[in-house]
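S.K.: coords please:
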Amino acid sequence: MLQENLIKIYETSFREHREMSALTDYFKNETFSYYEMAKEIAKLHLLFKKAGIRHGDKIALIGRNNPRWCITYIATITYGAVIVPILQDFTPTDIVHIVNHSESRLLFLGDNFWDVIEEEQIRQVEAVFSLTDFHAIFERDGKSLTKFQRDIVKNYRSKYPRGFGIDDIRYPEIPNDRVCLLNYTSGTTGYSKGVMLTVNNLTGNVVFARNAVNTQTGTRYFQRGGRTLSFLPLAHAYGCAFDFLAPLAVGGHITLLGRIPSPKILIEAMSVVKPTIVCCVPMILEKVYRKQVLPMLEKRPMSVAMRIPLLNTAIYSVIRKKLLDAFGGNVSIFIVGGAPMNQETEAFLMKIRFPITIGYGMTECAPLISFAPDNEFKSGSCGRYLKDMLDVRIDSADPERTAGEILVRGEHVMTGYYKNEKDTQKVLDAEGWLHTGDMGTMDPDGTLYIRGRSKTMILSGNGQNIYPEEIEDKLNNMYMVLESLVLDSGNGRLKALVVPDYELAEAEGVDKAELPAIMENNLRELNAQLAAYERIAEIVLYPKEFEKTPKRSIKRYLYNPSLLNK
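M.R.: Modelled structure (predicted):
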């Protein structure tokens, strides 16, 4: 158990940085300083007390990323209650299920979500509050909370007759082993599991982020006055930890975009905010590489110049500066996570010395398992496991060369799945090892390399392990391929389900009738890069993008091999 405590870290941070900007809504241009945020937290604590909320009670939260979403989250955990953030991309049925399964007593939401929820569907919820201004939208019995919120300014002044001062930013002792977060993940099996995370789990992630530095320059990635442009879903563990919880612990300023925006809006916001750190999913950088960098490199003068060593070094410097300027010109590091990154994109970004690192984690670890400073990051890896926080081992006789399941134990590991002992026992063994379901290898220094999911691994006829994600990574970078799935069609034959890039086809005047021939060429190129046992027998075109989870992972379980025969 760690000595530091996240609740006390925030108590100190909010006091020390009280005059600094904490949270800004980009589109509403509304900003809360640390002091103003602390005052709003104090008001919600009064509401929770009036509602009879006790330590350990659940409070559900759903809506677009905005300052009041953040304030509700922090108010809940600093009160001693358990926050239940729900991804806004979940269906109304999923939302109702999570609210009920978690036994949430209060619900805070964006007004539009109340339009799709019937009050009789969530009978244990006592009151619902708006993330627009915290007014009561619904109260099940009586009007006491509605009236209390209507008179909140009067109630607040009654509590603090001499005004709310720095000494009033004081939170109760919440032990590190106390569950403070119930994070529901969509799960690869198609149903949600409530991950129980403790104060200790979150503390470990925040303390690690606070101490993370570029070991060459000594620059801290998260620092006082640093600027974060938050566009990842805060209800997801990755965005929550590093776009929200970590910056608030050090006096950072978070500008909230609501959700992942269009590339145009994102670039505009970057130029305004000029972030010092960017946390993103691979898709963001892959789109920039494929849509902007590749076309530039393929033009004849540039492609010729790239073959001349001294010139290509100068060109790399120009491209790096252009890319950094597009992201505001002040970014010290791009932390990529949430999904594997295309190897060609990663290799190019490293070649031009772009400040990138790729981490690995999962909701069950709140989320971080491995990370390396950008100056120490190894190509193809996902950083080194966090030796001060975790133990990691590979379930393999030869962890360096033969992939095995990645097992994790330590400060970040969840206590289990809420009201789901069966699934908890499947992933947490008697010795405390979390079985991640991810297959990987590991260098002697603790650097991890992800090969794929154990559930998706295909065993070839001659006993070879095939990781479809590795083949898909190569295929996704080929001409006219938007995304792909490699499936076992039986009889030892692998086939690839491919969604063509129809947008690119239209832009280049490629007729749909030409796509099969293009894919045949891709198939020949792909198989030339693969071992004999990995080769693809056929590419089958699929007409629309694959269905995704809220964190943009393909719902592989929806696509069975029968689709390959249509």
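S.K.: can you list the weak-confidence ranges in the stretch 451-566 of the chain?
M.R.: 461-463, 550-551, 562-566 (pLDDT under 70).
S.K.: Correction: the previous question concerned the chain.
M.R.: 186-191, 297-311, 461-463, 550-551, 562-566.
S.K.: Please report phi then psi for the spatially most central residue of the chain.
M.R.: Centroid-nearest residue in the chain, with Cα atoms, centre = their mean: Y238, separated by 3.3 Å. When read as degrees, to the nearest 10, the backbone of Y238 gives phi -70, psi -60.
S.K.: Hmm, F244 and it touching each other?
M.R.: No. Between Y238 and F244 there is no contact under Cβ atoms under 8 Å: 10.4 Å. Just so you know, the C-beta spots here come from the backbone N, C-alpha and C atoms, and that holds for glycine as well.
S.K.: any chance you could map the strands in the stretch 401-550 of the chain?
M.R.: 404-410, 416-417, 434-442, 448-453, 458-459, 465-466, 481-488, 494-500, 536-541 (DSSP state E, counting those that start in this stretch).
S.K.: and the residue lying closest to W433 once chain neighbours are set aside, what does it touch?
M.R.: Among residues not flanking W433 along the chain, L407 sits closest, at 4.4 Å (Cβ to Cβ, 6 or more residues apart in numbering). Residues in contact with L407 (Cβ atoms under 8 Å, 6 or more residues apart in numbering) are V392, R393, I394, D395, W433, L434, H435, T436.
S.K.: what do you get for D488?
M.R.: I458, L494, P561.
S.K.: mind running it again at 6 Å?
M.R.: I458 (Cβ atoms under 6 Å, 6 or more residues apart in numbering).
S.K.: cool, the one 10 residues further on as well?
M.R.: Going by Cβ under 6 Å, 6+ apart, V498 touches V481, S484, I539, L541.
S.K.: returning to what we had before: contacts only, for the residue nearest to the centre of the chain.
M.R.: G337, G338, P367.
S.K.: Give me the buried subset of the residues you listed.
M.R.: G337, G338, P367 (16 or more other Cβ atoms under 10 Å).
S.K.: And the closest residue to D25 other than its chain neighbours, how close does it get to Y73?
M.R.: Computed as Cβ to Cβ, 6+ apart, the closest residue to D25 that is not its neighbour in sequence is N66, at 5.1 Å. Distance, N66 to Y73, by Cβ to Cβ, to the nearest Å: 11 Å.
S.K.: Quote the end-to-end distance of stretch 399-417.
M.R.: 29 Å (Cα to Cα, to the nearest Å).
S.K.: whoops, I mixed them up, stretch 535-544
M.R.: 24 Å.
S.K.: So that it lines up with my notes, have the first residue be 24 from now on.
M.R.: Yes, from this point I'll number from 24; that puts the last item at stretch 558-567.
S.K.: hmm, who's touching that stretch?
M.R.: R516, L517, K518, A519, L520, V521, V522, M542, L546, N550, L587.
S.K.: Any chance of TSV for the strands of the stretch 424-573 of the chain, columns distance to Y207?
M.R.: Output for these, formatted as TSV (distance: least, Cβ to Cβ, whole Å):
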stretch	distance to Y207
strand 427-433	20
strand 439-440	10
strand 457-465	17
strand 471-476	20
strand 481-482	30
strand 488-489	32
strand 504-511	25
strand 517-523	28
strand 559-564	34
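S.K.: Of all the ones you listed, which one comes closest to L130?
M.R.: Closest to L130 of the strands of the stretch 424-573 of the chain, according to Cβ to Cβ: strand 439-440, at 21.6 Å.
S.K.: so what does the closest one touch, helix or strand wise?
M.R.: Packing partners of strand 439-440 (3 or more Cβ pairs under 6 Å, 6 or more residues apart in numbering; DSSP states H and E): strand 216-221, helix 444-450.
S.K.: could I get the ones you listed as TSV with distance to M385?
M.R.: Shown next, in TSV, are the helices and strands packed on strand 439-440 (distance: least, Cβ to Cβ, whole Å):
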stretch	distance to M385
strand 216-221	9
helix 444-450	10
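S.K.: So which of the ones you listed is the most surrounded?
M.R.: Stretch with highest mean neighbour count among these: strand 216-221 (a mean of 24; mean count of other Cβ atoms under 10 Å).
S.K.: Now that one - C-alpha only, PDB.
M.R.: Output of strand 216-221 as PDB, limited to C-alpha atoms (Å, rounded to 0.1, in the frame of the first residue of the first chain):
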ATOM      1  CA  LYS A 216     -18.100  -5.500 -16.000                       C
ATOM      2  CA  GLY A 217     -17.800  -3.000 -13.100                       C
ATOM      3  CA  VAL A 218     -14.100  -2.700 -12.300                       C
ATOM      4  CA  MET A 219     -13.600  -1.800  -8.600                       C
ATOM      5  CA  LEU A 220     -10.700   0.600  -8.200                       C
ATOM      6  CA  THR A 221      -9.300   2.000  -4.900                       C
END
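S.K.: Centre of the chain to it, how far?
M.R.: Mean-position distance between strand 216-221 and its chain equals 16 Å (Cα atoms, centre = their mean, to the nearest Å).
S.K.: tell me what that strand is packed against?
M.R.: strand 202-208, strand 439-440.
S.K.: Check which strands are paired with the last one and give the direction for each one.
M.R.: Pointing back at strand 439-440 there. strand 216-221 (antiparallel) (DSSP bridges).
S.K.: what element comes up after the strand it pairs with heading to the C-terminus?
M.R.: helix 222-234 (DSSP states H and E).
S.K.: Give me the distance from that next one to the chain's centre.
M.R.: With Cα atoms, centre = their mean, you get 16 Å for helix 222-234.
S.K.: for it, which positions count as buried?
M.R.: Buried-residue list, helix 222-234, by 16+ other Cβ under 10 Å: V222, N223, N224, L225, T226, G227, N228, V229, V230, F231, A232, R233.
S.K.: same thing with stretch 27-42?
M.R.: N28, L29, I30, I32, Y33, E34, S36, F37, R38, H40, R41.
S.K.: swap in stretch 490-502?
M.R.: In stretch 490-502, counting by 16+ other Cβ under 10 Å, buried: Y490, P491, E492, E493, I494, E495, D496, K497, L498, N499, N500, M501.
S.K.: Quick one: end-to-end distance for stretch 301-313.
M.R.: For stretch 301-313, by Cα to Cα, the gap between its terminal residues amounts to 19 Å.
S.K.: re earlier: ok, now how distant is the residue nearest to the centre of the chain from M306?
M.R.: Distance from Y261 to M306, by Cβ to Cβ: 13 Å.
S.K.: What's the first helix or strand after the helix or strand hosting T54?
M.R.: Using DSSP H and E, T54 falls within strand 53-56. Next helix or strand after strand 53-56 toward the C-terminus (DSSP H and E): helix 57-73.
S.K.: can you list the residues that contact stretch 536-556?
M.R.: Outside of stretch 536-556, the residues within contact range by Cβ under 6 Å, 6+ apart are S483, Q487, K497, L498, M501, M503, P523, R558, I562.
S.K.: Between these, which sits nearest W137?
M.R.: Set against W137, the nearest of the contacts of stretch 536-556 by Cβ to Cβ is P523 (39.6 Å).
S.K.: Surely that closest one is in contact with M503?
M.R.: Yes. At 5.3 Å, P523 and M503 qualify as touching, with contact defined as Cβ atoms under 6 Å.
S.K.: Would you mind telling me which of the two has more residues around it?
M.R.: Remark: of P523 and M503, P523 carries more neighbours, 22 against 18, as counted by other Cβ atoms under 10 Å.
S.K.: Which residues are in contact with that one?
M.R.: Applying Cβ under 6 Å, 6+ apart, the residues near P523 are M503, L538.
S.K.: Look up the residues forming beta bridges with it.
M.R.: V504.
S.K.: residues touching L225, list them.
M.R.: Contacts of L225 by Cβ under 6 Å, 6+ apart are L29, A389.
S.K.: I appreciate the help and will end here.
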